[in-house]
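> model the following, please.
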Amino acid sequence: MSRIGKLPVKIPEKVKVSVVGSEVKVEGPKGKMAFPFNPIVAIQVANGQVTVTRPDESRAARSLHGLTRTLVRNALDGVTRGYDRVLEISGVGFKAEVKGKDIHFTLGFSHPVVFRLPDGITAEVDPKQVRLVIKGVDKHLLGLTAAKIRALRPPEPYKGKGIKYAEETIRRKEGKTGAA
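A predicted model of the protein is given here:
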């Protein structure tokens, strides 16, 4: 039995969970989200908790058991607390500006880069315009959005210029040395 999958997930106050067919719908104070799950596993909502069960010990059922429970847990955490990801921009003249649902980046290219935020994701920029915080209730969509923003100008190893995650460390390389 999956050690993670067999644990029930307690439903916090002010959160509604419903299972419709092969989709889980979660509504809470920060927002609402829905995600599909594989019908190999079964999800029951009762007594203020969500339990995930599997019908047999097949390889597919075992692998989906813990995954489905974790997805339910992430959805419940997202609609109660929300998730955020911090990105840092480093480089001379590199900056970001939020205008509605768009983020305008100046990243050293000959043109400004405009990134459209997906629905359910919001962004804030600090006054120095070099620290970007993106927030949302869907952990998967948030991580995907952060990765796409980082891919606009990944950090380079010589000067460290580019967009990186706040907790990320860039392995720096030594530049060329003159041979005499």
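
> strands paired with the longest strand along the chain, and their directions?
Counting by DSSP state E, the longest strand found in the chain is strand 83-90. For strand 83-90, the paired strands and their directions (DSSP bridges) are strand 131-136 (antiparallel), strand 162-165 (antiparallel).

> let me know which of these is the nearest to residue 110.
Residue 110 lies closest, by CB to CB, to one member of the strands paired with strand 83-90: strand 162-165, at 16.7 Å. Glycine gets a C-beta too; all of them are placed from N, C-alpha and C.

> hmm, who's touching the closest one?
For strand 162-165, the external contacting residues (CB atoms under 8 Å, 6 or more residues apart in numbering) are 85-91, 94, 107, 132, 146, 149-150, 152-156, 170.

> same thing with stretch 46-61?
Contacts of stretch 46-61 (CB under 8 Å, 6+ apart): 2, 5, 8-11, 17, 38, 40-44, 62, 64-65, 68-69, 72, 76.

> list the buried residues in it.
Under the neighbour-count criterion of 16 or more other CB atoms under 10 Å, stretch 46-61 has 50-52, 54, 61 buried.

> can you list the residues you listed in JSON lines and add distance to residue 176?
Converted to JSON lines, the buried residues of stretch 46-61 look like this (distance: CB to CB, whole Å):
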{"residue": "50", "distance to residue 176": "58"}
{"residue": "51", "distance to residue 176": "60"}
{"residue": "52", "distance to residue 176": "56"}
{"residue": "54", "distance to residue 176": "58"}
{"residue": "61", "distance to residue 176": "56"}
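
> which ones among those map onto strands?
Among those, the residues falling in strands (DSSP E) are 50-52.

> for residue 180, report the pLDDT, please.
You'll see residue 180 listed with a pLDDT of 61.

> correction: residue 29
94.

> wait, isn't it in contact with residue 14?
Yes - the criterion here is CB atoms under 8 Å, and residue 29 meets it with residue 14 at 5.4 Å.

> what sits in contact with each of the two?
Shared contacts of residue 29 and residue 14, defined by CB under 8 Å, 6+ apart, comprise residue 80.

> fine by me, thanks again.
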